[in-house]
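got a structure for you, letters missing:
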């Protein structure tokens, strides 16, 4: 890191009250500036205050509670000093990994416990001693009832994504766990929404909590959003690199800025993209001014197509031929999104803003839409078939250009000699195959389909989630089948229909039943009470960019 940037980044985090070991870890991990939830929460938590935090996934709340937690607890005690309750196995692993990364220099021992994992394996680690337990409520309660999880020495309790835990039916488990923890403790509750049940838990179990609320941002007249085509793809983190490569191949940007959250992510992604044959360079606060100038010179000269950057390093950049901005992660603040995409779409030219969002980050896209007053289309990722068709089209264009240019006479002897043995069409096919293999690097047989993800349904303040079960099983009154005049021939997939219906009609995903896709049409089951609304909304809408016929299915 350059001296100036290093001091600025450390000063910002140090100003929150974090100690030298954690500051060194944050610098090693490439964190360049705190997010709003971190700025507001960390000082209060270091003072020992209970906290009610209202913030969505992706705002940096894990670091907001994990960093002060690590500074507060006593490491090396015989029983856990901190318990973090989370709704899902996936989140338990994710949070445990984050706490381990932040606390590595402190020697912290972290254990995730969740259903589906060997109970005896968890028991062995607990007997050995751990400092922080990250658990789903059900498995934590199992250990408590068996006497294998001792919470007598607990100093900090965290309820992360509490609204999700309640919606998933963990209310009784949480109450049973809260009855077992010491009264003298620090309690932190984080939720994306503030409904009556969350307020009830806060009143009963938090002691004079400070409330930190990261509100959805609103337009304050900072200027118009530029002319930008905005699209988002829902993809889980393990598939993000493959998804980015696929999108870049189809978009073929003249020059693109790809934004990551930390310096380490920038370096890792740059290395991975270069390994896949892209011309990319890193740009972040860990580089000297001379190194940054060299990267920008390469980009302006056209010798680099992609610059992978952090927000801090990209401030003030003006690249005239920039065509694409890619958010490898949804930015933690909606205004950061506006600043990023403002680098394209200038001087009347259309730019493209692409966002790769994890399913749980989907509500953050809605926050951005409210700020920008513009729709972000959630599209289906290009399939392997889409990619191969695009590559064949590039080959066709190259062959056509070669024919138009002429100067083919010197190859006539080769064709004539082969024509004695093979059909002319077969000769042409062989030549096109060679041209295609020369155009497309690597093996086309290596690609795998990326699993399609559904939008994460955004909850309304105070809303109670439907009981768990098969889609639509808990609804009253049954379903109405609607006809949509597009099917497999139009490359329609279930996610396209779910996204179009929920986006246009405003219904939730649990009001959609079975989906049947035929060659030229699709049949979708819609909950009776909203079926007419869906039909009316969809008649004025487009599916994958095309108007289609939508009506009640008369064969019902």
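Now that the structure is in, tell me what you want to look at. Please read these numbers as outputs of a predicted model, since none were measured by experiment.

three-state assignment of the residue nearest to residue 93 when sequence neighbours are not counted?
Closest residue to residue 93 apart from its sequence neighbours, by C-beta to C-beta, 6 or more residues apart in numbering: residue 112 at 5.4 Å. C-betas here are computed from N, CA, C, even on glycine. Recorded secondary structure, residue 112: strand (DSSP: H, G, I helix; E, B strand; the rest coil).

which residues sit in contact with residue 112?
Listed by C-beta atoms under 8 Å, 6 or more residues apart in numbering, the contact set of residue 112 reads 92-93, 95-96, 133-135.

one more: residue 267?
30, 282, 284.

and it, what pLDDT?
At residue 267 the predicted local distance difference test score is 92.

now residue 441
Value listed for residue 441 in the pLDDT field: 52.

looking at it, residue 95 is touching residue 62, isn't it?
Yes: if you go by C-beta atoms under 8 Å, residue 95 and residue 62 touch, sitting 5.8 Å apart.

anything in contact with each of those two?
Joint contacts of residue 95 and residue 62 (C-beta under 8 Å, 6+ apart) are residue 160.

rewinding a little: what pairs with the residue nearest to residue 93 across the strands?
Beta-bridge pairing of residue 112 under DSSP bridges involves residue 134.

quick check, pLDDT for it.
pLDDT at residue 112 comes out at 94.

quick check: mean pLDDT of the longest helix along the chain?
Longest helix in the chain by number of residues (criterion: DSSP state H): helix 384-405. Regarding helix 384-405, the rounded mean pLDDT is 79.

identify each buried residue in stretch 90-104, please.
91-92, 94-96, 98-100, 102-103 (16 or more other C-beta atoms under 10 Å).

filter these down to the ones in helices?
Among those, the members falling in helices (DSSP H) are 91-92, 94-96, 98-100, 102.

from the contacts of residue 267, which land in strands?
Mapping the contacts of residue 267 onto strands (DSSP state E) picks out residue 282.

adding distance to residue 139 as columns, could you present the contacts of residue 267 in CSV?
Shown next, in CSV, are the contacts of residue 267 (distance: C-beta to C-beta, whole Å):
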residue, distance to residue 139
30, 33
282, 40
284, 39
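
and which of the contacts of residue 267 is nearest residue 172?
Nearest to residue 172 among the contacts of residue 267 is residue 30, at 41.4 Å by C-beta to C-beta.

am I right that the closest one is in contact with residue 263?
Yes: counting by C-beta under 8 Å, residue 30 does reach residue 263; the two are 2.9 Å apart.

okay, domains of the protein per the record?
Using automatic domain parsing, the domain parsing of the chain gives 35-213, 228-382, 385-446, 479-552.

could I get those domains as a markdown table with distance to residue 15?
Output for those, formatted as a markdown table (distance: least, C-beta to C-beta, whole Å):
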| stretch | distance to residue 15 |
| --- | --- |
| domain 35-213 | 9 |
| domain 228-382 | 16 |
| domain 385-446 | 47 |
| domain 479-552 | 42 |
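
lowest average confidence across those domains, which one?
domain 385-446 (a mean of 78).

now the closest residue to residue 162 other than its chain neighbours: how far from residue 35?
For residue 162, ignoring the flanking residues on the chain, the nearest one in space by C-beta to C-beta, 6+ apart is residue 191 at 4.6 Å. Distance, residue 191 to residue 35, using C-beta to C-beta, to the nearest Å: 17 Å.

those two: who's more crowded?
Between residue 191 and residue 35, counting by other C-beta atoms under 10 Å, residue 191 is the more crowded of the two (25 against 22).

does the more buried one have beta-bridge partners, and which?
Bridge pairing for residue 191 - DSSP bridges - gives residue 54.
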